[in-house]
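**Q** How does the following fold in three dimensions:
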Amino acid sequence: MPQFVSTFSAIFWGVLVLSILITAHEAGHYFAARLCKSRVTEFFIGMPSRHKWSWRSKKHGTEFGVTPILLGGYTRICGMTPLNQANYASALELVQTHGSISVQDAAEQLGCSEEDAYSIFETLVDWASIEPEYSCKEGEKPDTRTMPYAYKTTLRDAALNTKFDDSFDETTQLMQPGTMQPLQVSAEDFLNQEQSNIYLGKTFWARFCMIFAGPVASFVTGALLMVLSLSVIGQDMPVNVPKIGTVVEGSLAQRSGLQAGDTLVAVDNQKVDSFAGFAVLIKDKFDKHESFELTYQREGSSQSVQITPAQNEKALGVHAPMKHVHLSVSEAVGVTWNFTTQIAQVAVKLIIPTQTLNVVSQSSSVVGISVMASQAASSGLGELLLFAAQISLSLAFMNLLPIPPLDGGRILIEIIQGIIRKPISERTQAYISFVGIALFGCLFLLSLKNDILRFL
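**A** Numbering: from 1, shown residues only. Next comes the predicted model:
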């Protein structure tokens, strides 16, 4: 029963902390996309799944929800897939003119294969320019494993804006999905109008902003949580006085008769003025496994004990007294800044081949994070918020690593495209993503191994 409770607690707190932090991260992408006037069709906590709980925004058309696979999250910004066909304008015009058209008929009129027609239409679906239409007679239904029989127009206002556009005016006469919506401009002009509302149609800096906003949101969330935890809620911090706060169960200190509250006086006649000074004095003794005499006071009475570290013992097993303190906001900001610089240094080391394995050997996967979240929660709200802050700041910098599918990988692709002044092909991006995902998977497995050895 205790093991079951411990496991459930780890899962609960791990999922809760990660879900909140992922929501903050994805909110950065979402609001940046809205600011750049790019269509956003979905905002979900959890990995993509057929099963989901969601609701749709009446104002922007975005579907918000949660999936059962709570191991991440995503914001579906329209038009992030590279273009790989040439008949987008003609295909979009066919749908607008007919209201609905089968893939077979479209392929014949476009003079291409049905496979290419599907590719074109699915890109336009990704743009939220059209919708798939499934044939009940053919036994089709919305399913990632089933391709639709036909494609149809989507809901638009009188100016042909979709419900995902900021300029959508629901007070005009609306054109319903599947109805004919003849164009008032040329097919190419209408395609350009649609492309201006998606990721690919934005400027380099707008695209950069949409991607970079995720790590920025994680950083801001982490910084605010850390300052809140340290200044408002407060933390239990060690007090640097020559006194024992706690004695570790089964440690050398306990076997030597030391107790919490004992005042440390001297180590081999060297006076002890602080707990930090005491730690320095005995460190050399433990490194060399040398015996030493520890003098201490208990209830006003001076006592001494001879301590001999064994070969496998590296610590005495005592901790300094703790005191609940509230840092000033400026002090809390300083601590946050110091932690941030440390995380940034670790992230840089991770991409240096000679130091990658050393960094990974000290990393944790979602399993370790869940266990530590449970431990932090059991210590109080302040510890839980501090832990969440540390994870959020770590996510901010780790997401900037130039490895797909991380945000840093996407930013790297945008920078390369800006330098060569042309888009990288879909096939090349697919290869880059495959290598990145494989590398990411290896890092995850190594981190998972660390957690298994550490906690199980």
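**Q** tell me the contacts of Q96?
**A** Listed by CB atoms under 8 Å, 6 or more residues apart in numbering, the contact set of Q96 reads 153, 180-183, 190. The way it works is simple: take the backbone N, C-alpha and C, and place the C-beta from them, glycine included.
**Q** List the ones among those that fall in helices.
**A** Secondary structure from DSSP state H places F190 of the contacts of Q96 in helices.
**Q** neighbouring contacts of stretch 374-382?
**A** Contacts of stretch 374-382 (CB under 8 Å, 6+ apart): 6, 9-10, 12-14, 229, 233-236, 383-384, 386-388.
**Q** list the buried ones in that stretch?
**A** Neighbour counts over stretch 374-382 (16 or more other CB atoms under 10 Å) mark 374-377, 380, 382 as buried.
**Q** same thing with stretch 334-347?
**A** Using 16+ other CB under 10 Å as the test for burial, stretch 334-347 gives 335-336, 339-340, 343, 346-347.
**Q** In this protein, mark out all the helices, start to finish.
**A** Counting by DSSP H, the helices of the chain are 2-35, 88-98, 103-110, 114-126, 187-195, 204-227, 252-255, 275-288, 329-350, 353-360, 366-378, 381-398, 407-420, 426-455.
**Q** How far off centre is the fifth one?
**A** In other words, helix 187-195. 35 Å (CA atoms, centre = their mean, to the nearest Å).
**Q** which helices and strands sit right next to it?
**A** Secondary-structure packing of helix 187-195 (3 or more CB pairs under 8 Å, 6 or more residues apart in numbering; DSSP states H and E): helix 88-98.
**Q** What sits closest to Y74 if chain neighbours are left out?
**A** F44 (5.7 Å; CB to CB, 6 or more residues apart in numbering).
**Q** Give me the neighbour count for that neighbour.
**A** 24 (other CB atoms under 10 Å).
**Q** That one and L110, how far apart?
**A** For F44, the distance to L110 equals 33 Å [CB to CB, to the nearest Å].
**Q** and what of A396?
**A** Between A396 and L110 the computed distance is 45 Å (CB to CB).
**Q** Check G382 too.
**A** In terms of CB to CB, G382 sits 63 Å off from L110.
**Q** shaky segments in the protein?
**A** Applying pLDDT under 70 to the chain flags residues 1-6, 136-145, 353-368, 370-371, 440, 444, 448-456.
**Q** and with 80 instead?
**A** Within the chain, the ranges that satisfy pLDDT under 80 run 1-11, 71, 84-85, 135-146, 349-379, 404-405, 426, 430, 436-456.
**Q** For the residue nearest to Y74, which residues are in contact?
**A** F44 neighbours (CB under 8 Å, 6+ apart): 52, 54, 63-67, 73-76.
**Q** Give me the distance between stretch 46-65 and the centre of its chain.
**A** 19 Å.
**Q** and it, how far apart are its ends?
**A** One end of stretch 46-65 to the other measures 9 Å (CA to CA, to the nearest Å).
**Q** Give the buried residues for it.
**A** 46, 52, 60-63.
**Q** Could you give the number of residues near I420?
**A** Residues lying near I420 (other CB under 10 Å) number 9.
**Q** next one: F8
**A** Look at F8: counted by other CB under 10 Å, it has 11 neighbours.
**Q** Next: E108.
**A** Neighbours around E108, by other CB under 10 Å: 12.
**Q** how is this protein carved up into domains?
**A** Residue ranges for the domains of the chain, per automatic domain parsing: 2-77, 88-197, 206-234+326-455, 238-323.
**Q** Give me the distance between the second one and the centre of its chain.
**A** Shown here is domain 88-197, whose average C-alpha point lies 33 Å from the average C-alpha point of the whole chain (CA atoms, centre = their mean).
**Q** surely Q195 meets G79?
**A** Yes: using CB atoms under 8 Å, Q195 is in contact with G79, at 7.2 Å.
**Q** The two: which is more packed in?
**A** Using other CB under 10 Å as the criterion, Q195 and G79 rank with G79 on top: 22 against 18.
**Q** how far away is the more buried one from T123?
**A** Counting by CB to CB, the separation of G79 from T123 is 8 Å.
**Q** next one: L381
**A** 47 Å.
**Q** Would you mind giving the buried residues of stretch 374-382 as TSV with distance to F219 added?
**A** Output for the buried residues of stretch 374-382, formatted as TSV (distance: CB to CB, whole Å):
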residue	distance to F219
S374	25
Q375	24
A376	20
A377	23
G380	25
G382	21
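**Q** Report the two of those separated the most.
**A** The largest distance within those, taken as CB to CB, falls between S374 and G382 and amounts to 15.6 Å.
**Q** E42 - nearest residue in space that isn't next to it in sequence?
**A** R76 (3.9 Å).
**Q** What's the local residue count around the one you found?
**A** Here the number of neighbours of R76 (other CB under 10 Å) works out to 19.
**Q** start the count at 14, not 1, going forward
**A** Fine by me, first position is 14 from now on; the one you just mentioned is R89.
**Q** ok now do it, which residues does it touch?
**A** 53-57.
**Q** Mind checking which of those land in strands?
**A** Among the contacts of R89, the members found in strands (DSSP state E) are 53-57.
**Q** how near is A99 to D300?
**A** 71 Å.
**Q** before we move on, what about R63?
**A** 59 Å.
**Q** Likewise for M188?
**A** 79 Å.
**Q** between the two, who's got more neighbours?
**A** Between M188 and D300, counting by other CB under 10 Å, M188 is the more crowded of the two (19 against 10).
**Q** show me the residues around the residue nearest to S446 when sequence neighbours are not counted that make contact.
**A** Distance criterion CB to CB, 6+ apart; nearest residue to S446, sequence neighbours excluded, is P417 at 4.4 Å. By CB under 8 Å, 6+ apart, P417 lies in contact with 423, 426, 445-446, 448-450.
**Q** Now render the residues you listed as CSV, adding distance to F44 and neighbour count.
**A** Shown next, in CSV, are those (distance: CB to CB, whole Å; neighbours: other CB atoms under 10 Å):
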residue, distance to F44, neighbour count
R423, 17, 22
I426, 22, 21
I445, 27, 18
S446, 25, 17
V448, 31, 13
G449, 26, 19
I450, 27, 14
